[in-house]
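Trainee: Mind looking at a prediction? Sequence and model below.
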Amino acid sequence: MAVTQPEATNLTTPQSEQNPSQISFSSVKLQELPHLTDYLPNLQSLPSPLENNRFFRPSEGFYLTPGDVILRQIAYDLSGTFSPSAPHQAYHRAGPRDRVYFESSQIRAAIVTCGGLCPGLNTVIRELVDGLWDLYGVREIFGVTAGYRGFYEREPVRLNPKLVRNWHKRGGTALETSRGGFDLEKIVDAIQDRGFNQVYIIGGDGSMRGAVNIFNEICRRKLNVSVTGIPKTVDNDVGIIDRSFGFQTAVEMAQQAIGAARVEAESAVNGIGLVKLMGRSTGHIALHATLSSRDVDCCLIPETDFYLEGKGGLFEFLDQRLKENGQAVLVVAEGAGQKLIPRTDAQKQERDESGNLVLLDVGGWLKSELKKWWQRDHANELFTVKYIDPTYMIRAVHANATDNAYCTLVAHSAIHGVMAGYTGFVSGPINGTYAYIPLEEVAKAKNEVNVRDHKWAWVRSVTSQPDFTRI
């Protein structure tokens, strides 16, 4: 929901107790967005180069103003039973402004990809290069290779539209990536020494936290450098924004794995197809793949516990499904059931390069437990478990059409925001419209599956799986 209102920080409408069809808003709180002039007050603005761009014909309403905002919440209870007490949150709408704070000929832009792979990474890089080059006439564009450590360990790669022309057709990241390697002083020193004044950081939640630290250090040094983050997480676990790029491609690929598991299960006597999908802390891929494929009998996600034995447990449910249908498909997110899997003392302390607890293979563990259960309770009956783990197939493919369009819009939104002098922000869709969100807010926000909302209820309704509440 976009609201154009000069006094967006205090937007109200008349209340009417007689007519509940009239929406009644309390004040709208517009989230403050950091700007270079916050610590460089003498920085002068310039007319937008888009005025002279032959591909654009700016007309009335083309440029956005500080009063163009996006409401975070668009669903309301008109009965007043659950009236929100806090002001309605709003964010600046993303898009071009009529004044910019960078001279195109003086811009040196750096683009870096951090963390794991995700469909669409190369598309975002390509669109950042094309947008800077074609829209704003920037010619000094550099790719930082190997993640954060590339700022101080490697020479940057010069980028141009001809070089990146077909990158969107490739999976992975042409700039290479890595986890870890975050050394704040060395990174900001490199940004300063190389003369970068626009930094585009593409990464997940850990990378966004790193971007916050880079932004804060740049502010402390009072450098004329704008920093923006572009959230990248195939799990869709970044909060506030509608979804992250690559997610829809991941769901599409996950359906192929589920379809294969169904074929394997149907082709065996008492066959179970077991699919492990990505989702360390959230089960969005598993949830959406379950809803869209309609081939899944049970979906297990990190946000809800489950148990194996006893009344209402997984084994009882699968036993009933096999009796009724002769086969079943089980989807599990990689972060589900971690409390059930025995860990050694060493495994309890093991962390990956980003500092996260290393997950154990819930798919392999479930396969083993299923075989033990069947051997115990149905010793003389045929039984097959086919385990499919498509993790690296999913994250390594190029983006589909929907995600490619998303990558284009999010990249161009970031460029417009940086040119307008904003810094320490993230661009992304909120209720279908692109907005600018403070980087620190995104770095702290999580997008977990709400197991009390309608979407999870739909999963329960299409699978008829138990709620795993012990009786």
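Mentor: Sure thing, it's come through.

Trainee: and Gln89, what element?
Mentor: Of the helices and strands defined by DSSP states H and E, Gln89 is found in strand 88-93.

Trainee: what pLDDT, on average, does that strand get?
Mentor: On average, the pLDDT along strand 88-93 is 92.

Trainee: Might you quantify the distance of it from its chain's geometric centre?
Mentor: When distances are taken as Cα atoms, centre = their mean, to the nearest Å, strand 88-93 is centred 19 Å away from the chain's centroid.

Trainee: just stretch 242-261 next, same as before
Mentor: 14 Å.

Trainee: Name the spans of the chain whose pLDDT lies under the cut-off.
Mentor: The model of the chain has pLDDT under 70 over residues 1-26, 78-86, 354, 471.

Trainee: Could you rerun that using 80?
Mentor: When residues are selected by pLDDT under 80, those of the chain lie in 1-27, 55-59, 75-87, 352-356, 469-471.

Trainee: strand partners of the strand holding Gln89, parallel vs antiparallel please.
Mentor: Looking at strand 88-93 with DSSP bridges, its partner strands are strand 28-30 (parallel), strand 68-71 (antiparallel), strand 433-438 (antiparallel).

Trainee: is Leu277 in a bridge, and if so with what?
Mentor: Going by DSSP bridges, Leu277 forms beta bridges with Ala333.

Trainee: ok, residues contacting stretch 40-51?
Mentor: Contacts with stretch 40-51, where a contact means Cβ atoms under 8 Å, 6 or more residues apart in numbering, come from 36-37, 56, 58, 63, 96-104, 135-137, 222, 224, 419, 421. (Glycine included, C-beta is placed from N, CA and C.)

Trainee: at 6 Å instead, please
Mentor: Outside stretch 40-51, the residues within contact range by Cβ atoms under 6 Å, 6 or more residues apart in numbering are Leu36, Thr37, Phe56, Pro96, Asp98, Arg99, Val100, Tyr101, Ser104, Tyr136, Gly137.

Trainee: can you give me the end-to-end distance of that stretch?
Mentor: Using Cα to Cα, to the nearest Å, one end of stretch 40-51 lies 26 Å from the other.

Trainee: Can you give me the buried ones in it?
Mentor: Neighbour-count burial for stretch 40-51, counted by 16 or more other Cβ atoms under 10 Å, picks out Ser48, Pro49, Leu50.

Trainee: cool, and stretch 399-419?
Mentor: Neighbour counts using 16+ other Cβ under 10 Å place 399-400, 403-404, 406-419 of stretch 399-419 among the buried residues.

Trainee: Would you reformat the strands paired with strand 88-93 as TSV and include mean neighbour count and distance to Leu43?
Mentor: Below are the strands paired with strand 88-93 laid out as TSV (neighbours: other Cβ atoms under 10 Å; distance: least, Cβ to Cβ, whole Å):
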stretch	mean neighbour count	distance to Leu43
strand 28-30	19	22
strand 68-71	23	22
strand 433-438	24	18
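
Trainee: CSV for the ones you listed, including distance to Gly150?
Mentor: Listed next are the strands paired with strand 88-93 as CSV, based on distance: least, Cβ to Cβ, whole Å:
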stretch, distance to Gly150
strand 28-30, 36
strand 68-71, 34
strand 433-438, 26
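
Trainee: where exactly do the strands run in the stretch 1-150 of the chain?
Mentor: Using DSSP state E, counting those that start in this stretch, the strands of the stretch 1-150 of the chain run over 2-4, 28-30, 46-47, 68-71, 88-93, 99-100, 109-113, 141-144.

Trainee: could I get those as a markdown table with distance to Val234?
Mentor: As requested, the strands of the stretch 1-150 of the chain are exported to a markdown table (distance: least, Cβ to Cβ, whole Å):
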| stretch | distance to Val234 |
| --- | --- |
| strand 2-4 | 28 |
| strand 28-30 | 31 |
| strand 46-47 | 39 |
| strand 68-71 | 25 |
| strand 88-93 | 24 |
| strand 99-100 | 33 |
| strand 109-113 | 13 |
| strand 141-144 | 21 |
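
Trainee: Before I go, just wanted to say thanks for your time.
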